[in-house]
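Asker: Sequence and predicted structure are below.
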Amino acid sequence: PVWDEASRRVTGLAAIPAGELGRPRIDVTVRISGFFRDAFPHVVALLDDAVRLAAGLDEPDEDNYVRAHVLADTREHGDERRATMRIFGSRPGAYGAGLLPLIDSRNWRDDADLAEVYAVWGGFAYGRGVEGVPARQDMEAAYRRIAVAAKNVDTREHDIADSDDYFQYHGGMIATVRALTGRAPAAYVGDSTRPDAVRTRTLSEETSRIFRARVVNPRWLAAMRRHGYKGAFELAATVDYLFGYDATTGVVADWMYDKLAATYVLDPENQAFLAESNPWALHGIAERLLEAASRGMWEHPDPDVLRELQEVYLKSEGDLEEDA
């Protein structure tokens with residue numbers, strides 16, 4: 001970025017010389033949210049400027065992957081502007097990545113279904129002078145080159161298991177790359193909650209960390225029980241979001257499903273709390289865990305645990321019908 005010293009505003013962009021950079025220029029594709037699109041159009045334009053700046057540098061292919069890919073795509077279809085599109089998002093006026101309603105409907109079979117919805121919702125290009133033009137083909141061309149899928153977290157107010165956005169955007173990207181190429185990209189979560197100590201973890205490491213630190217932390221569970229109906233809702237939502245991440249990335253291990261079943265459903269105190277405060281949450285958690293087993297995501301569940309889950313599911317369903 002080129003900064004104005006007086007105002008500390010970014011006034012333009014400059015390329016770091018190759019010798020100073022000390023590595024090739026990496027080709028980066030960005031999936032933006034509808035909120036980011038609406039709130040930061042100037043940043044979207046600058047990101048697009050950066051791609052086009054890198055693509056225009058007279059450097060060898062091995063030192064500038066951006067230029068190499070833009071030249072290859074331009075030779076293929078003849079449109080240099082299309083070849084530089086790297087910022088994709090929802091249709092103008094639309095929000096989300098489409099995967100939450102798909103997962104909730106249970107109307108999906110494999111990566112191809114997840115990737116289709118992700119592409120239909122997110123295949124619109126943005127940049128300077130480009131305001132959400134349909135560009136699914138160009139998005140998929142860029143996604144076929146993705147080797148690393150990264151998501152940054154910059155606040156401790158949320159984690160990857162307490163919002164659907166994480167699995168929709170990050171998980172959706174991973175599932176789409178896998179569907180397009182047959183291989184999963186390396187998945188990372190950047191932690192910049194402390195700017196003086198930025199850390200990068202693999203998605204597997206981050207999932208394990210959040211699972212132990214919050215999801216099955218007795219103190220957090222006790223805090224949720226103090227919030228009654230809404231606390232029970234948060235437990236059910238946590239299970240749903242972990243399920244969504246597993247559906248898109250395969251990141252939830254069997255021991256996590258075992259622990260969720262034991263802690264959220266089969267623990268007498270927690271089960272009694274859910275049954276009293278929010279029986280819909282208890283029913284939903286049991287149903288989601290059973291779905292994970294039926295889809296093979298929970299690969300080796302204990303038969304006795306499954307039987308107990310089914311009993312809780314059927315009992316909660318009967319209780320809900322009686323109250324209806």
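Answerer: Thanks, I have it. Because the structure is predicted, anything quoted here is derived from the model rather than measured. Residues are numbered from 1 along each chain as shown.
Asker: Could you check the pLDDT of Ala324?
Answerer: Ala324 is assigned a predicted lDDT (pLDDT) of 65.
Asker: Break down the stretch 101-250 of the chain into its strands, ranges please.
Answerer: With DSSP state E, counting those that start in this stretch, the ranges of strands along the stretch 101-250 of the chain come out as 124-127, 130-134, 148-153, 186-191, 199-202.
Asker: can you tell which of these is closest to Asp63?
Answerer: When those are compared by CB to CB, strand 148-153 sits nearest Asp63, at 18.8 Å. Just so you know, the C-beta spots here come from the backbone N, C-alpha and C atoms, and that holds for glycine as well.
Asker: mind listing what the closest one pairs with, with the direction of each?
Answerer: Paired neighbours of strand 148-153 in the sheet (DSSP bridges): strand 186-191 (parallel).
Asker: Show me which residues of the partner strand are buried.
Answerer: Judged by neighbour count using 16 or more other CB atoms under 10 Å, the buried positions of strand 186-191 are Ala187, Tyr188, Val189, Asp191.
Asker: Out of the strands of the stretch 101-250 of the chain, which one sits most buried?
Answerer: By mean neighbour count, with neighbours taken as mean count of other CB atoms under 10 Å, strand 124-127 ranks first of these at a mean of 24.
Asker: Kindly format the C-alpha coordinates of that strand as PDB.
Answerer: The C-alpha coordinates for strand 124-127 follow below in PDB (Å, rounded to 0.1, in the frame of the first residue of the first chain):
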ATOM      1  CA  PHE A 124     -20.100 -13.400  -9.400                       C
ATOM      2  CA  ALA A 125     -17.000 -11.300 -10.000                       C
ATOM      3  CA  TYR A 126     -16.100  -8.000  -8.300                       C
ATOM      4  CA  GLY A 127     -13.400  -5.400  -8.800                       C
END
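Asker: Contacts for it, please.
Answerer: Residues from elsewhere that reach strand 124-127 (CB atoms under 8 Å, 6 or more residues apart in numbering): 32, 37, 44-45, 47-48, 51, 84-85, 87-92, 132-135, 138-139.
Asker: which among these end up buried?
Answerer: Buried members of those, counted by 16+ other CB under 10 Å: 32, 37, 44-45, 47-48, 51, 84-85, 87-90, 132-133, 135, 138-139.
Asker: Sitting in strands, which of the residues you listed do you find?
Answerer: Taking DSSP state E, the ones among the buried ones among the contacts of strand 124-127 that sit in strands are Ile87, Phe88, Gly89, Gly132, Val133.
Asker: distance of the closest residue to the second one other than its chain neighbours from Val215?
Answerer: Taking CB to CB, 6 or more residues apart in numbering, and ignoring the residues beside it in sequence, Phe88 has Met139 as its nearest neighbour in space, at 4.7 Å. Distance, Met139 to Val215, using CB to CB, to the nearest Å: 33 Å.
Asker: could you pull out the helices for the stretch 51-200 of the chain?
Answerer: 65-77, 80-83, 99-105, 111-122, 136-143, 164-165, 172-181 (DSSP state H, counting those that start in this stretch).
Asker: okay, these in CSV with mean pLDDT next?
Answerer: Output for those, formatted as CSV (pLDDT from 0 to 100):
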stretch, mean pLDDT
helix 65-77, 97
helix 80-83, 97
helix 99-105, 95
helix 111-122, 97
helix 136-143, 98
helix 164-165, 94
helix 172-181, 98
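Asker: give the contact list for the most centrally placed residue in the chain.
Answerer: For the chain, His170 is the residue whose C-alpha lies nearest the centre (CA atoms, centre = their mean; 2.4 Å). Contacts of His170 were listed using CB under 8 Å, 6+ apart, and they are Ala149, Lys151, Ile160, Ala187, Val189, Leu203, Thr249.
Asker: Equivalent analysis for Arg295, please.
Answerer: Shown in contact with Arg295 (CB under 8 Å, 6+ apart): Ala247.
Asker: 10 Å instead?
Answerer: Shown in contact with Arg295 (CB atoms under 10 Å, 6 or more residues apart in numbering): Arg106, Trp108, Arg109, Asp110, Phe243, Asp246, Ala247.
Asker: likewise Gly96?
Answerer: Going by CB under 10 Å, 6+ apart, Gly96 touches Ser33, Gly34, Ser90, Trp121, Gly122, Asp164, Asp165, Gln168, Tyr169.
Asker: Out of these, which is nearest to Lys259?
Answerer: Among those, and counting by CB to CB, the member closest to Lys259 is Asp164, at 21.3 Å.
Asker: Farthest-apart pair in the contacts of His170, please.
Answerer: Spatial extent of the contacts of His170 (CB to CB) is set by the pair Ala149 and Ile160 at 12.9 Å.
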